[in-house]
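> I would like the atomic coordinates for the input below:
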Amino acid sequence: MKTSLHFAARSLPCLAVLIATVTSAQPVNDGAIKILNNVTNTITGDVTMGTNGAFTLLVLSDNALLTNSMNGIIGRNTTAKSNEVQLISATAQWRMAGSLFVGRNGAISRLVVSNGGFVENNSASLGNRTKSSNNLAVVAGSGSLWSNRNSLDIGGLGHDNQLIMSNGGWVVSRTVRLG
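So this is what the prediction gives:
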């Protein structure tokens with residue numbers, strides 16, 4: 001995570017202004033795998049899984065908490081294909097203040113919330129652009145929850161995007177748009 005700090009002194013004594021530049025973070029390099037277990041990560045800005053590359057995987061397991069102040073993005077650019085985030089434990093959580101994009105531009109991106117995992121975001125999009133196709137969100141298992149404080153858009157512009165809920169998994173949203 002990169003954060004730039006700039007200080008500006010004013011003409012009044014003992015007064016300083018602090019300006020922080022919000023950036024984005026990619027906790028896992030393109031094409032790599034990372035498992036978070038018994039850790040808390042707080043990130044200012046966006047969190048991205050798969051910026052330009054393929055087969056990036058982030059797994060949140062026992063007592064893993066990931067929070068970020070902006071958006072979550074799985075598959076940022078058109079070359080970012082087959083990237084995935086999995087929450088596989090009842091104590092695994094990903095909380096973001098902004099929106100979640102599963103396949104923002106990339107194809108075949110996946111979000112898996114299972115075994116009681118929890119994801120919370122403002123709004124979400126599954127297949128955000130025309131080239132973002134074949135993206136998948138799975139919410140499976142008792143207690144598994146994907147909570148959208150506002151809206152969920154499935155297949156807004158991309159094709160063949162899917163949401164699967166099974167075995168007691170829940171998805172909550174104020175509004176849902178299909179296709």
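> Beta-bridge partners for L163, please?
A137 (DSSP bridges).
> Check the spacing between it and S123 real quick.
14 Å (CB to CB, to the nearest Å). All C-beta spots, glycine's among them, are computed from the backbone N, C-alpha and C.
> And for T40?
T40 is 24 Å from S123, by CB to CB.
> Also S89?
According to CB to CB, S89 and S123 sit 25 Å apart.
> try T79
The gap separating T79 from S123 is 25 Å, by CB to CB.
> Then G117?
Separation of G117 from S123 (CB to CB): 19 Å.
> So between the two, which is more surrounded?
Counted by other CB atoms under 10 Å, G117 and S123 do not tie: G117 has more neighbours, with 28 against 18.
> Show me the beta-bridge partners of the residue nearest to the spatial centre of the chain.
Nearest to the geometric centre of the chain sits G72, at 2.8 Å (CA atoms, centre = their mean). Following DSSP bridges, G72 is listed with bridge partners V47, L100.
> Quick check, it in contact with R95.
No: with contact defined as CB atoms under 8 Å, G72 and R95 do not form a contacting pair (9.5 Å).
> which neighbours do those two share?
The contact sets of G72 and R95 overlap at N121 (CB atoms under 8 Å, 6 or more residues apart in numbering).
> D62: neighbour count?
Neighbour count of D62, defined by other CB under 10 Å: 13.
> tell me the SS of it?
Following DSSP: H, G, I helix; E, B strand; the rest coil, the label given to D62 is coil.
> what sits against it?
Shown in contact with D62 (CB under 8 Å, 6+ apart): N37, N38, S89, T91, A92.
> do A32 as well
Contacts for A32 (CB under 8 Å, 6+ apart) come out as T56, L57.
> Now do it, the pLDDT please.
Note on A32: pLDDT of 96.
> Relative to K131, how far out is it?
For A32 relative to K131 (CB to CB), the value is 23 Å.
> Help me confirm that G98 comes into contact with M70.
Yes: here G98 reaches M70: they are 4.3 Å apart, a contact under CB under 8 Å.
> Identify the contacts common to the two.
Counting by CB under 8 Å, 6+ apart, the residues touching both G98 and M70 are D46.
> who's in contact with the residue nearest to the centre of the chain?
Contact analysis of G72 by CB under 8 Å, 6+ apart lists D46, V47, T48, V85, W94, M96, G98, S99, L100, F101, N121.
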